[in-house]
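1. Below are the sequence and a predicted model for it; my questions follow.
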Amino acid sequence: MPDRLPILHELFDPSRLPGAAVYGIAFAAAAWVAGRAVRVAVHRALGGHLQRADPMAVKFLGQLARLSIYVVALLAYVYQIPFLRQLSGVWLTSVGVVSIVVGIAAQNTLGNLISGISLLLYRPFRLGDRLQVVAPTGLESGIVESLTLGYTTLQTDDNRKIVIPNSVIANQTSINTSLKATRSPAIVSVILGYAVDIDRARTILTELAKAHAKAVDVASCFVSALSDSGTTMTLTVWCPDAPAAAGVKSDLLEAAKKRFDAEGIFISH
């Protein structure tokens, strides 16, 4: 037993290398456990325990809390190790130079973090909102998928991901189309021959529109123009959003062509 005391003393002496390693493992394990506890708490909050919680705020604050835990664990470890504590004292004597160097090296990272907090506080958008932003590819539109400590991610309709630094999205003009009525009209126009029964054509178009799964409401179906080619009939259908409206218009044009052909209704060119 007496022979083991020096070994145990060395293992738990932070001034020696083995002891510093043991302390490092202990602090790393404690930080990992605390970080995992924060992640579990975030998942529980998003799972329904906090019905009124903003998912974006919960996720962002969870990431910020985990980062804070790691920073506190690192500082506590440095304070416990004499060599590192002395070294930090030497650093503090030149804190001005260090601050300038660190500030230059991390200004983008800190800027993104501060911008993320600003976006969280002012809430110009939420998870699931549709944003229009200016990207290197031009004007892009996508659904807000996540807001992390450094970046905001949008999911486009063609399954691309747009990753924007928080500082960029906080300083540019973004259009949140989810903050207004999102319904968009699908406008379908067909030119019918003059011999066509327009009442029958109107009935067919209206039936097709009401039967479409993405049609919210049929606004109108009327004769919009008369020309040498024939009678123009225009159908307006309200849809949940612009992408849905484009799909509904295409589907209704195809369905109308097939239905008119089946019933002998002539479509002019």
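-> Looks like it came in fine.

2. Grab the CA positions of stretch 169-182 and hand them over as CSV.
-> The C-alpha trace of stretch 169-182 is given here as CSV (Å, rounded to 0.1, in the frame of the first residue of the first chain):
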residue,chain,number,x,y,z
ILE,A,169,-28.1,37.2,-44.0
ALA,A,170,-28.4,39.7,-41.1
ASN,A,171,-27.1,42.5,-43.3
GLN,A,172,-28.9,41.8,-46.6
THR,A,173,-32.5,42.5,-47.5
SER,A,174,-34.4,39.2,-47.4
ILE,A,175,-38.0,38.7,-48.3
ASN,A,176,-40.0,36.4,-46.0
THR,A,177,-42.9,35.3,-48.1
SER,A,178,-44.3,33.3,-45.2
LEU,A,179,-45.2,36.5,-43.3
LYS,A,180,-48.0,37.3,-45.7
ALA,A,181,-50.8,35.3,-47.3
THR,A,182,-49.0,32.5,-49.1
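
3. where does the chain dip in pLDDT?
-> Applying pLDDT under 70 to the chain flags residues 1-16, 18-19, 42-58, 83-107, 179-182, 269.

4. Just the endpoints, please. Distance across stretch 169-186?
-> Distance across stretch 169-186, first residue to last, is 31 Å (CA to CA, to the nearest Å).

5. Pull the distance from that stretch to the chain's centre.
-> Centroid separation for stretch 169-186 versus its chain: 14 Å, with CA atoms, centre = their mean, to the nearest Å.

6. repeat for stretch 221-229
-> With CA atoms, centre = their mean, you get 44 Å for stretch 221-229.

7. Likewise for stretch 257-269?
-> On CA atoms, centre = their mean, the centre of stretch 257-269 falls 44 Å from the chain's centre.

8. Brilliant, that's me finished.
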